[in-house]
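Visitor: Predicted structure and sequence below. I'll ask about it afterward.
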Amino acid sequence: MKELLENRCFFKLVCGAGNESAEDVRRLVKLYSDAGCEVFDLSANYEVIAAAQNAKYKCVSVGIKDDPHILKAQINSKCINCGNCIKVCSNDAIVLNPANIISKRCLGCKNCFSVCPVQAISLTSKEINLKETLPPIISAGIDCIELHATTEDEKETDKKWSIINQLYSGMLSICIDRLNLGNKQVITRIKRLIKNRAPYTTIIQTDGIPMSGTNDSYKTTLQAVAMAEIIQNENLPVYIVLSGGTNTKTLKLARLCGINYHGIAVGSYARKIVKEYITSPNFWIDKKLYNRALVIAKDFLAETMSA
Ligand code: SF4
Ligand code: SF4
């Protein structure tokens, strides 16, 4: 995986830190591996890691309290079954009559929360015990652990980072954005977290706007590139990977802006363009359907990396 970063051709397919649907992950890994992707971002869930056994490189995502990547939605009794939420859920995590959330499919994107007319939806962090969850996952064979550290809680960030460092000696990644933190706090935090780590053993995933990659436009990807520039200006011994609203335009824009990135992580947009195939009951048996999906995934990868 280090070689991909050194050669600046690192592409990571983000299955979703909150995506605990093992079958979806199995299909995404099969399709994007066949399309040429080698790195996959996976939920810290043993069943999911097992489903991704064909991934060449596995990166496991964990988060601190209130980070959007580990939020899960719940619906309460105020619900009037209007159906607004189901229309905006990108991962089919909501069923109606009565309205309910399928927790293992919920990615914490908050789309449903924004459209509910009666405030019947709340989101809470699904925290895991790192000391219990990570050891069996590490033993199963992984290549990176990523900490989503976007909230203001420095103490909690340090605590989780310290546990991860104690448990795992391989490549680590810090996924960070500017929604809650100013530029100065982002840099101060990163410098503190990498202080005791060897040079180039840490990826900084410059998250623009998490889970916002629904359109293939320059505007969507602007924040990811801006965030990368802030990190680059510090000349830190880290790898820079862009994420959060990434699409086929991201690396082109980054190059135009003079960013010497090492790679890109794409989630929402990469999943969206193949969703109808991934969710098809015929995914494993209809060769023609699979090949159509494969062409879409291959074209997307080629276009994204052609910058
Ligand atoms: S819209 Fe987002 S937050 Fe709401 S249930 Fe779907 S994935 Fe979860
Ligand atoms: S948007 Fe709110 S009220 Fe409408 S179905 Fe969803 S949870 Fe119920």
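Guide: Yep, that arrived. Residues are numbered from 1 along each chain as shown. Ligands and ions are numbered 1, 2, ... in the order given.
Visitor: which regions of the stretch 51-200 of the chain lie under the pLDDT threshold?
Guide: For the stretch 51-200 of the chain, applying pLDDT under 70 flags no range at all.
Visitor: What parts of it come near ligand 2?
Guide: Residues of the stretch 51-200 of the chain found near ligand 2 (CB under 6 Å from any ligand atom) are 75, 79-85, 99, 115-116, 118, 120-121. All C-beta atoms are positioned from the backbone trio N, CA, C, and that covers glycine.
Visitor: what about the helices in this structure?
Guide: Using DSSP state H, the helices of the chain run over residues 2-6, 22-34, 46-51, 84-88, 111-115, 130-141, 154-167, 183-194, 218-232, 250-256, 268-272, 275-278, 287-305.
Visitor: So for the second one, what gets flagged as buried?
Guide: Of all the residues in helix 22-34, those buried under the rule 16 or more other CB atoms under 10 Å are 22, 24-33.
Visitor: Equivalent analysis for stretch 134-147, please.
Guide: Those would be 134, 137-138, 142-147, for stretch 134-147 by 16+ other CB under 10 Å.
Visitor: Kindly report the same for stretch 171-183.
Guide: For stretch 171-183, by 16+ other CB under 10 Å, it's 171-178, 181.
Visitor: Closest one of the residues you listed to residue 130?
Guide: Using CB to CB, residue 172 comes nearest to residue 130 of the buried residues of stretch 171-183, at 12.7 Å.
Visitor: which residues does that closest one contact?
Guide: Contact partners of residue 172, counting by CB atoms under 8 Å, 6 or more residues apart in numbering, are 144-147, 164-165, 197, 201-203.
Visitor: between these, which is closest to residue 106?
Guide: residue 146 (19.0 Å).
Visitor: That closest one pairs with what?
Guide: residue 61, residue 173 (DSSP bridges).
Visitor: returning to what we had before: any idea which of the helices of the chain is most buried?
Guide: Among the helices of the chain, ranked by average contacts under mean count of other CB atoms under 10 Å, first place goes to helix 268-272 (a mean of 23).
Visitor: For stretch 212-220, list the C-alpha coordinates in CSV.
Guide: What follows is the C-alpha trace of stretch 212-220 in CSV, where atoms were taken according to Å, rounded to 0.1, in the frame of the first residue of the first chain:
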residue,chain,number,x,y,z
SER,A,212,-21.3,15.0,0.1
GLY,A,213,-20.2,13.4,-3.1
THR,A,214,-23.5,13.0,-4.9
ASN,A,215,-22.5,15.1,-8.0
ASP,A,216,-19.6,14.9,-10.3
SER,A,217,-18.8,18.6,-10.2
TYR,A,218,-15.8,20.8,-9.3
LYS,A,219,-18.0,22.7,-6.7
THR,A,220,-18.7,19.5,-4.8
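Visitor: Other residues contacting that stretch?
Guide: Contacts for stretch 212-220 (CB under 8 Å, 6+ apart): 90, 209, 221, 244-249, 253, 266-270, 272.
Visitor: and it with ligand 1, contact?
Guide: No. Stretch 212-220 stays clear of ligand 1 (CB under 6 Å from any ligand atom), getting no nearer than 11.8 Å.
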